[in-house]
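1. Quick one: sequence and predicted model below, then my questions.
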Number of protein chains: 2
Amino acid sequence: MRATIIHAPGDIRVEDRDYPTVQLPTDAVVKVTASCVCGSDLWPYRGVRPTRRPTAIGHEFIGTVESIGSGIIGLAVGDLVIAPFVISCGACPQCLNGVTVACDHLAGWGGKDDTGLSVDGGQGQAVRVPLADSTLVKVPGITEPDDALRKSLLTLSDVMATGHHAALAAKAGPGRTVVVVGDGAVGLCGVLAAKRLGAERIIAMSRHADRQAIAREFGATDIVAERGDDGVARVRELLGGVLADSVLECVGTKESMDQALNCTRPGGALGFVGVPTGGSEVPLRYLFDTNISIGGGMAPARTYIPELLADVLDGTINPGRVFDVVMPLEEAAEAYRAMDERRAIKVLLTP
Amino acid sequence: MRATIIHAPGDIRVEDRDYPTVQLPTDAVVKVTASCVCGSDLWPYRGVRPTRRPTAIGHEFIGTVESIGSGIIGLAVGDLVIAPFVISCGACPQCLNGVTVACDHLAGWGGKDDTGLSVDGGQGQAVRVPLADSTLVKVPGITEPDDALRKSLLTLSDVMATGHHAALAAKAGPGRTVVVVGDGAVGLCGVLAAKRLGAERIIAMSRHADRQAIAREFGATDIVAERGDDGVARVRELLGGVLADSVLECVGTKESMDQALNCTRPGGALGFVGVPTGGSEVPLRYLFDTNISIGGGMAPARTYIPELLADVLDGTINPGRVFDVVMPLEEAAEAYRAMDERRAIKVLLTP
């Protein structure tokens, strides 16, 4: 099969790999029908995180179950499934608490499972899924989604679940004012999640017309193009002299965290989901003096998928709008370039 | 009148000061009937925070209204009142959000009010209270509390409100396991607050028999005397192999924050109320990986007093038990020594 491999920063290749097979009774093999490139894939692509050896990449995919191990009870061949961005057991205390990203048997796509076997990356034609019963979520009653639904289902792997996590951590909801820092796919999904949770006033910080348009479509009531102190001043002006109750940090840099902190009112809540790239430690004394709370982190997508899926299936939300470019898997290198250069918001890859 | 003045680290004196009078229409003068020494008063006493000039000290007191300015509408001479540990206006966006500690007109006892006038410290015989209508809370129907009630009312100035803030930030409640780091008056009140909010399993970390006894009286189900990794291991053992859902950090040192973080389960909530003494910045990557949320800070005591007062008056809670020593105001220096040497949990001063 064909699969995307990162060899070094900037060096993305689509190569031949052995077609995966069931190795363990709890495995399933999934034929990928759509995968995509994540903002966090750009960290190794840009060399912000190291790539020590050629590694299968990609952690967001949907597909069709092709074969299952003897221990699988909740999936059948032919099922359409969504893969969250990590593998989890569903039975340890962390999973039972809903924190599947801290699972005692946690594993990642493109790495090793907790028995030491290799796991395929998501940007390929097929994937062996360990702990498939607890990891995958079946889409009920549908095997051939149309193009729009396929895109929205794929966002549940990561970006829509992550935006939802940020909105929850920021306590977005009725009567709360919201600022979203970051206009990538996660930030845009954060806008949609805040709207879905009932927030009425949502300010998206964005300087790109295409992203601003989707932010408005997702529920943003205001756009702030300014950054830094000017951005804070504009938020304060829009909110009648105060800062925001709920702020979603959806980037991961020191600048974005500072922007988010500075947009949060005393006693407000900051939900951060950008993978921290360093340099952005939080000043505890500032939190003490301002009563700002901080939460978030890696989203337990597996926990959130069922409720978000219900809203996708009934048309309440349409997060798939974040995919503005579709390319064949073979053009993965160009997909990375387009994301890196911000020519694309998010690229869907068709195997 | 007599008032407590800090001259330098370790140098506490009770001195003569002019008896306060109403300066502004929104002032009241309160004759102090009980004040006390706070754990945070020990930071300047120990030189952890600087004392640049002789300064009136003390920020917790109750007393009787002796005179009022012409603009006061909610208080009358003779009222028994509780003073929160900061002065707040009750009308700015921060106060309306309940975050009185970030009031636009914030001022502290022993400092200056926002018009530049000096404010008396709480450890004295009388205090001019700026913004008295919004700052003070009247105790309804009582002018001469008995000894036990007087103590409990006084805790609402700070330590009980602060313990409550920690418990709220840590999301303590029914079905949640709780660890309290710190066995000072705030930590003990944190135990009581967690119990009041419905937590059934509460672990107090303490090495002192007298404090352990009060912790148990307040609702602690378990005591852990070990610290560091041993303390974490003991918590994990008590909780059946997992860490705590809710952790209250009630000290403010790097060691106590590390202890608290390390006792919090993935996805758990850490409420911190110890005044940070430095060195304990928040490790954002750790929060990202563990999904631990952090909140708390300076407690908006003014916001919490009404609901806590109701529970004090009907006997539901008896936080005054944290006062194990009562001394005359003239012995304030000895009160500081007793607190500093941990011979006393908390000292009440009678003017």
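-> Cool, the structure landed. Remember, predicted model here, so these are calculated numbers, not experimental data. Numbers count the residues shown, from 1 in each chain, chains lettered A, B, ... in the order given.

2. how near is A:Asp11 to chain B?
-> 26 Å (CB to the nearest CB, to the nearest Å). Where C-beta positions appear, they are placed from N, C-alpha and C, glycine not excepted.

3. Please name the bridge partners of that residue.
-> A:Ala8 (DSSP bridges).

4. mind checking how far it is from B:Ile214?
-> Counting by CB to CB, to the nearest Å, the gap from A:Asp11 to B:Ile214 is 63 Å.

5. which of these two has more neighbours?
-> B:Ile214 (24 against 13; other CB atoms under 10 Å in any protein chain shown).

6. In what element of secondary structure is the more buried one found?
-> Using DSSP states H and E, B:Ile214 maps to helix B:209-218.

7. just so I have it, where are all the strands in the stretch 251-351 of chain A?
-> Using DSSP state E, counting those that start in this stretch, the strands of the stretch 251-351 of chain A run over A:264-272, A:293-296, A:325-328, A:347-350.

8. my bad, the stretch 51-200 of chain A
-> Ranges of strands in the stretch 51-200 of chain A, per DSSP E, counting those that start in this stretch, are A:55-56, A:61-68, A:80-83, A:86-87, A:107-108, A:126-129, A:137-138, A:177-181.

9. rewinding a little: just give the strands next to the helix or strand following the helix holding B:Ile214 in its sheet, each with its orientation.
-> Per DSSP H and E, the first helix or strand lying C-terminal to helix B:209-218 is strand B:222-224. With DSSP bridges as the test, strand B:222-224 is paired with strand B:201-205 (parallel).

10. what about A:Arg321, distance to chain B?
-> 27 Å.

11. in terms of contact, does that residue touch A:Ile214 like I think?
-> Yes. The pair A:Arg321 / A:Ile214 is scored as a contact, 5.6 Å apart, by CB atoms under 8 Å.

12. Could you tell me which residues touch both of these two?
-> Residues touching both A:Arg321 and A:Ile214 (CB atoms under 8 Å, 6 or more residues apart in numbering or on different chains) are A:Leu188.

13. Quick one: closest of the strands of the stretch 51-200 of chain A to B:Ala126.
-> strand A:177-181 (42.5 Å; CB to CB).

14. and the angle from that closest one to strand A:201-205?
-> If you take axes from the mean of the first three to the mean of the last three CA atoms, to 10 degrees, strand A:177-181 sits at 20 degrees to strand A:201-205.

15. Report the beta-bridge partners for the closest residue to A:Arg216 other than its chain neighbours.
-> Among residues not flanking A:Arg216 along the chain, A:Ile223 sits closest, at 7.2 Å (CB to CB, 6 or more residues apart in numbering or on different chains). Per DSSP bridges, the residues bridged to A:Ile223 are A:Ala204.

16. Show me what from chain A comes close to chain B.
-> A:93-94, A:97-99, A:101-102, A:169, A:241-242, A:245, A:257, A:265-267, A:269, A:272, A:275-276, A:278, A:280-285, A:287-298, A:300 (CB under 8 Å from any CB of the partner chain).

17. let's see 6 Å
-> For chain A, the residues found near chain B under the criterion CB under 6 Å from any CB of the partner chain are A:93-94, A:97, A:99, A:102, A:242, A:266-267, A:276, A:280-282, A:284-285, A:287-288, A:291, A:293-295, A:297.

18. which residues does the closest residue to A:Leu287 other than its chain neighbours contact?
-> With sequence-adjacent residues excluded and distances taken as CB to CB, 6+ apart, A:Leu287 is closest to B:Gly297, at 5.7 Å. Taking CB atoms under 6 Å, 6 or more residues apart in numbering or on different chains as the criterion, B:Gly297 is in contact with A:287-288, A:291.

19. what about A:Val224, distance to chain B?
-> With distances defined as CB to the nearest CB, the gap from A:Val224 to chain B amounts to 19 Å.

20. Contacts only, for that residue.
-> So A:Val224 contacts A:203, A:205, A:231, A:234 (CB under 6 Å, 6+ apart).

21. Would you confirm that A:Phe218 contacts A:Leu192?
-> Yes. Under the criterion of CB atoms under 6 Å, A:Phe218 makes contact with A:Leu192 at 4.0 Å.
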